[in-house]
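>>> okay, here's the prediction I keep looking at, along with the sequence it came from:
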Amino acid sequence: MSAQILDGKALAAEIRGKIKPEVDALKSAGVWPGLATLLVGENPASQVYIRSKHKACQEVGIRSFNLTLSQSSTNAEVMRKVEDLNADPQVHGILVQLPLPLQIDSNAVLSLIHPDKDVDGFHPQNLGRLFSAKDARDIFSAAKPIPVPCTPQGVIALIHKTGVPIAGRNAVVVGRSVIVGKPVFSLLLAHHATVTIAHSQTPNLAAVCRDADLLVVAIGIANKITGNMVKPGAVVVDVGMNRLAAGGLCGDVDFETAKETAGWITPVPGGVGPMTIVMLLQNTLLLAKNSCVAA
Ligand code: NDP
């Protein structure tokens, strides 16, 4: 058996096509959705990510503001910049590019972003709302929907695209980071899956994974999950992005063996990566719409 490919690039393009007219409509109504990014330092990988985010904004007509501070900036300088952006009515979403230089208190900076402008969804208030949600309606259909962290939101959109229902399925998330694993866990739970979260201390990872109808892997170890760890027919979403010594990227799932067992599988690159960026656009649009809702 050979799995169907879950094409994140194609799905991201489809979603961008839906975002653009919504941005245009909001703009006509006098609200031009705006995203501000703040990059501290000159990390080359971060510079590449920032450029691709601004390019994506341009494609759908979102106004973007590119702010930079030097590597030697102080905590107070970074905090002041965030406060300025919180007060700027043209800015609906604020993204602070991680990682920040070591002298900066990342948690303090992320918590300072106003929850209504928290485009990455990492503010404790928004994570708390996500964690407290009884079901998906509490997240996506509330009077002011929650900005859900972008990569996890992209994972769920990819699973929806397969047509495989989430409710009642066994889902396994490998990795428990705040950025990926835990929000994916909360989202799957809100869609009524029975969810297990595995991590570096989980004994017999292979057996845990083999129980998964839906398997989401975010650990950062190249090709760690092999075909014999995948349940036949499972949906496999590989979040991992590992740089190969020879150049190029590979995932945390061994694509070649896993595709022989899985029913659906994301490639790396071209799976979760493009979805993360399009969800950033979707969250900016959401926050701009939320700004029109009375407090
Ligand atoms: P973290 O390093 O923050 O977390 C890794 C998680 O994997 C931890 O919970 C860790 O467990 C777990 N883990 C480590 N080793 C093992 C193991 N041998 N068996 C089981 N679990 C293990 O990583 P992130 O969540 O930030 O990122 C994960 C991957 O996803 C990376 O490759 C990253 O580049 C990629 N990524 C991709 C994005 C995209 O847009 N495509 C966006 C964000 C991340 P423990 O907690 O016990 O240490």
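Perfect, I can see it now.
>>> quick one, phi psi at D238?
Per-residue torsions, D238: phi -100, psi 110 (degrees, to the nearest 10).
>>> and it, what does it touch?
217, 225, 251-253, 255, 265-268, 271-272 (CB atoms under 8 Å, 6 or more residues apart in numbering). For glycine as for every other residue, the C-beta is placed from the backbone atoms N, C-alpha and C.
>>> just A56 next, same as before
So A56 contacts 16, 277-278, 280-281 (CB under 8 Å, 6+ apart).
>>> quick revisit: of the contacts of D238, closest to the ligand?
V272 (4.1 Å; CB to the nearest ligand atom).
>>> mind listing what the closest one touches?
Counting by CB under 8 Å, 6+ apart, V272 has contacts 8, 151, 154-155, 158, 237-239, 266.
>>> let's have those in a markdown table, adding distance to P99, secondary structure and pLDDT.
Formatted as a markdown table, the contacts of V272 follow (distance: CB to CB, whole Å; DSSP: H, G, I helix; E, B strand; the rest coil; pLDDT from 0 to 100):
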| residue | distance to P99 | secondary structure | pLDDT |
| --- | --- | --- | --- |
| G8 | 24 | helix | 98 |
| T151 | 16 | helix | 98 |
| G154 | 20 | helix | 98 |
| V155 | 22 | helix | 98 |
| L158 | 26 | helix | 98 |
| V237 | 24 | strand | 98 |
| D238 | 22 | strand | 98 |
| V239 | 18 | coil | 98 |
| T266 | 25 | coil | 98 |
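>>> considering only the contacts of D238, which also neighbour the ligand?
Counting by CB under 6 Å from any ligand atom, V272 from the contacts of D238 sit close to the ligand.
>>> dump the contacts of D238 into JSON lines; add distance to T37 as well.
As requested, those are exported to JSON lines (distance: CB to CB, whole Å):
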{"residue": "V217", "distance to T37": "28"}
{"residue": "I225", "distance to T37": "32"}
{"residue": "G251", "distance to T37": "26"}
{"residue": "D252", "distance to T37": "27"}
{"residue": "V253", "distance to T37": "30"}
{"residue": "F255", "distance to T37": "31"}
{"residue": "I265", "distance to T37": "31"}
{"residue": "T266", "distance to T37": "26"}
{"residue": "P267", "distance to T37": "27"}
{"residue": "V268", "distance to T37": "24"}
{"residue": "G271", "distance to T37": "23"}
{"residue": "V272", "distance to T37": "20"}
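>>> mind putting the contacts of D238 into a markdown table with secondary structure and distance to I179?
As requested, the contacts of D238 are arranged in a markdown table below (DSSP: H, G, I helix; E, B strand; the rest coil; distance: CB to CB, whole Å):
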| residue | secondary structure | distance to I179 |
| --- | --- | --- |
| V217 | strand | 14 |
| I225 | strand | 19 |
| G251 | coil | 16 |
| D252 | coil | 14 |
| V253 | strand | 18 |
| F255 | helix | 23 |
| I265 | strand | 22 |
| T266 | coil | 18 |
| P267 | coil | 21 |
| V268 | coil | 17 |
| G271 | coil | 17 |
| V272 | helix | 12 |
